[in-house]
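Student: This is a predicted model, with the sequence first.
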Amino acid sequence: MARVLLVVVTLAALVASGCLNVGSLTGASAGVAGTSLADQMLQHPPGFDTVPTGITREFDLYLFNITMEVYPGAKMGMWAFSLDDNPAHATVPGPTLRANEGDRVLVHFHPEIAGYNHTIHWHGMDVPWTMDGVPFVTQKPVEPGTTFDYDFIAKPAGTYWYHCHVDAAHHVDMGMYGAFIVDPAPSHPDPHYDKEFLVMLGAMDRFHLEGGQPATGNLPESGDPNEYAQWGERQASDVLNRNPAITGPETGTPLNPQRNWTQVTYQPYTPVYNTFTIDGMSFPYTPVLVVQNDTVVRLRVINTANIDMGLHLHGHHLLVTHRDGVLLQSPYWVDTLTLGPGERYDVYVKMDNPGMWELHDHIGGHDANDNIFPGGAMTMLCYVGIEGCNDTGMGGMPMRSGDLVNWRWNQLWMSLP
Ligand SMILES: [Cu+2]
């Protein structure tokens, strides 16, 4: 109601002030708001009516080296976020952060990986520019052992994600990403759903993360020996590009205005994407989506990869309700989604076709582990009541897709004449 009123009031004000743009033949409309739908939308962009709630959500976000077995035999050295200072709690994707629209969000970022600097970028959210996490533009990169506080109001409502913005493609591939969900204010709730799932799509270079060698359990601490070896050299050249004449070391040394970027360019990063993931894992380790018949399920799909990723659900239609966090004025039906890097789609699905259904990336090769099928960004959606499909419940580890498929494989084998 508040939004409708505001539009009416705004239009009335435009008429009263004589600012209505009558036709375009006269030109000279620059700077004057017209009456097209686009004009109206531009006056009311996402989050324009967010009201601060007065509530603060505070998080500590640590960063550690971990080794993850992404699919059988594929142990990768990764950089993982944790909500506490225990590396055993660090995960890829990082913990899901959640707030209500209008909450103040305070994130204390503590990177703990020697040799690398990082930032956190809040992709798609309306944060003050000094909180945007772009190294050398909005802040100094955060050095290991130090803390940087991100402080902003959660808005607009929607499905977002956070990721490192230092050498971003590289550091995100190393695992530095997680979801950020902003729930809408009660004045404009989302369409009803009974259960939601986060579906975070990712792509990695297995051999990059294994240092070019088969997994041995003796991975370099960083997971990346090439970059590690060049870190000292890079730091040295960075120092050379600061101007010590401007200020002393105690007060910091601003960058030389004539900084030679080629001297501090990061190690060339040319990944060969051969590992495709859902929630950090490849089939058969991907988590299964367990659903109840006659319910509405919401999938929050986020493409964290540096390449296009897709999603196809068998046996159902997907109603696309939100794109990049924003509720669409005209939701539409699909059965296959393609997401560019960084994009998010929210889809609602009516669960009305009980069974065991494949949910997978339809792009060629994304259903394989280093080109060996089956694998990659593939999992199952199954209904409670189908034998072999069970939900471990709140707080439990989700069942893995391979367990379900193994059960089904045995069942089919036993039924052979
Ligand atoms: Cu980083």
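Tutor: Nice, thanks for sending it over. Numbers count the residues shown, from 1 in each chain.

Student: Tyr345 belongs to a helix?
Tutor: No. Counting by DSSP: H, G, I helix; E, B strand; the rest coil, Tyr345 falls outside a helix, being strand.

Student: Report the contact partners of the residue in the stretch 1-150 of the chain that the ion sits nearest to.
Tutor: Across the stretch 1-150 of the chain, no residue is closer to the ion than His118, which sits at 3.2 Å (C-beta to the ion). (Glycine included, C-beta is placed from N, CA and C.) His118 sits next to 63, 109, 111, 141-142, 164, 166, 171, 176 when contact means C-beta atoms under 8 Å, 6 or more residues apart in numbering.

Student: what about 10 Å?
Tutor: 63, 79, 109, 111, 133, 135, 141-144, 148, 163-167, 171, 174, 176 (C-beta atoms under 10 Å, 6 or more residues apart in numbering).

Student: which residues pair with Trp79 across the strands?
Tutor: Assessed by DSSP bridges, Trp79 has beta-bridge partners Asn65.

Student: And for Thr336?
Tutor: The partner residues for Thr336, given DSSP bridges, come to His312.

Student: confidence score at it?
Tutor: pLDDT recorded at Thr336 is 97.

Student: Verify the contact between it and Leu311 for me.
Tutor: Yes. Here Thr336 reaches Leu311: they are 7.1 Å apart, a contact under C-beta atoms under 10 Å.

Student: Overlap of the contact sets of these two?
Tutor: Joint contacts of Thr336 and Leu311 (C-beta under 10 Å, 6+ apart) are 318, 361-363.

Student: Tell me the one among those nearest to the ion.
Tutor: Asp361 (25.4 Å).

Student: quick one, what contacts the closest one?
Tutor: Applying C-beta under 10 Å, 6+ apart, the residues near Asp361 are 201, 203, 276-278, 303, 305, 308-312, 336-339, 367, 376-378.

Student: again, 6 Å this time
Tutor: Asp361 makes contact with 309-310, 377, according to C-beta atoms under 6 Å, 6 or more residues apart in numbering.

Student: follow-up on the earlier one: the residue of the stretch 1-150 of the chain closest to the ion pairs with what?
Tutor: Going by DSSP bridges, His118 forms beta bridges with Val142.

Student: and what of the one 5 residues further on?
Tutor: When assigned by DSSP bridges, His123 has beta-bridge partners Trp161.

Student: That one against Trp161, yeah?
Tutor: Yes. Assessed by C-beta atoms under 6 Å, His123 is found in contact with Trp161 at 5.2 Å.

Student: Can I take it that Leu404 is in a helix?
Tutor: Yes. Judged by three-state DSSP, Leu404 forms part of a helix.

Student: Assign a three-state SS to His171, would you?
Tutor: Recorded secondary structure, His171: helix (three-state DSSP).

Student: whoops, Trp413 was the one
Tutor: Criterion first, three-state DSSP; result for Trp413: helix.

Student: Next, count neighbours for it.
Tutor: As a burial measure, Trp413 scores 8 neighbours (other C-beta atoms under 10 Å).

Student: Neighbour count: Thr336 and Leu311, which is higher?
Tutor: Between Thr336 and Leu311, counted using other C-beta under 10 Å, Leu311 has the larger neighbour count: 25 against 12.

Student: Now do the contacts for the spatially most central residue of the chain.
Tutor: Centroid-nearest residue in the chain: Trp161, 3.6 Å away (criterion: C-alpha atoms, centre = their mean). Residues near Trp161 by C-beta under 6 Å, 6+ apart: 123, 179-180, 302.

Student: With pLDDT, neighbour count and distance to Val70 added, can I get those residues in CSV?
Tutor: As requested, the contacts of Trp161 are exported to CSV (pLDDT from 0 to 100; neighbours: other C-beta atoms under 10 Å; distance: C-beta to C-beta, whole Å):
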residue, pLDDT, neighbour count, distance to Val70
His123, 98, 21, 23
Ala179, 97, 22, 19
Phe180, 98, 23, 23
Ile302, 98, 27, 18
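
Student: In CSV, list these along with secondary structure and distance to Tyr71.
Tutor: Shown next, in CSV, are these (DSSP: H, G, I helix; E, B strand; the rest coil; distance: C-beta to C-beta, whole Å):
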residue, secondary structure, distance to Tyr71
His123, strand, 27
Ala179, strand, 22
Phe180, strand, 27
Ile302, strand, 21
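
Student: and which of the residues you listed is nearest Met356?
Tutor: Ile302 (24.5 Å; C-beta to C-beta).

Student: is it true that the closest one touches Tyr345?
Tutor: No. Ile302 is beyond contact range of Tyr345, at 8.5 Å (criterion: C-beta under 6 Å).

Student: where's Asp149 relative to Asn406, distance?
Tutor: Relative to Asn406, Asp149 is positioned 47 Å away (C-beta to C-beta, to the nearest Å).

Student: Look at these two and report which has more neighbours.
Tutor: Each of Asp149 and Asn406 has its neighbours counted (other C-beta under 10 Å); Asn406 has more, 13 against 10.

Student: picking up where we left off before, quick one: pLDDT of the residue nearest to the centre of the chain?
Tutor: 98.

Student: State the distance from it to Asp324.
Tutor: On the measure of C-beta to C-beta, Trp161 and Asp324 end up 11 Å apart.

Student: Tell me the residues of the stretch 51-200 of the chain that contact the ion?
Tutor: 118, 164, 166, 171 (C-beta under 5 Å from the ion).

Student: Tell me the residues of the stretch 201-350 of the chain that contact the ion?
Tutor: So the stretch 201-350 of the chain never meets the ion (C-beta under 5 Å from the ion).

Student: Tell me where the stretch 201-350 of the chain has strands.
Tutor: 275-278, 289-291, 295-303, 309-313, 318-323, 326-334, 336-339, 344-351 (DSSP state E, counting those that start in this stretch).

Student: Indicate which one of these is closest to Pro184.
Tutor: Closest approach to Pro184 among the strands of the stretch 201-350 of the chain (C-beta to C-beta): strand 326-334, 8.2 Å.

Student: packing partners for the closest one?
Tutor: Judged by 3 or more C-beta pairs under 6 Å, 6 or more residues apart in numbering; DSSP states H and E, strand 326-334 is in contact with strand 318-323.
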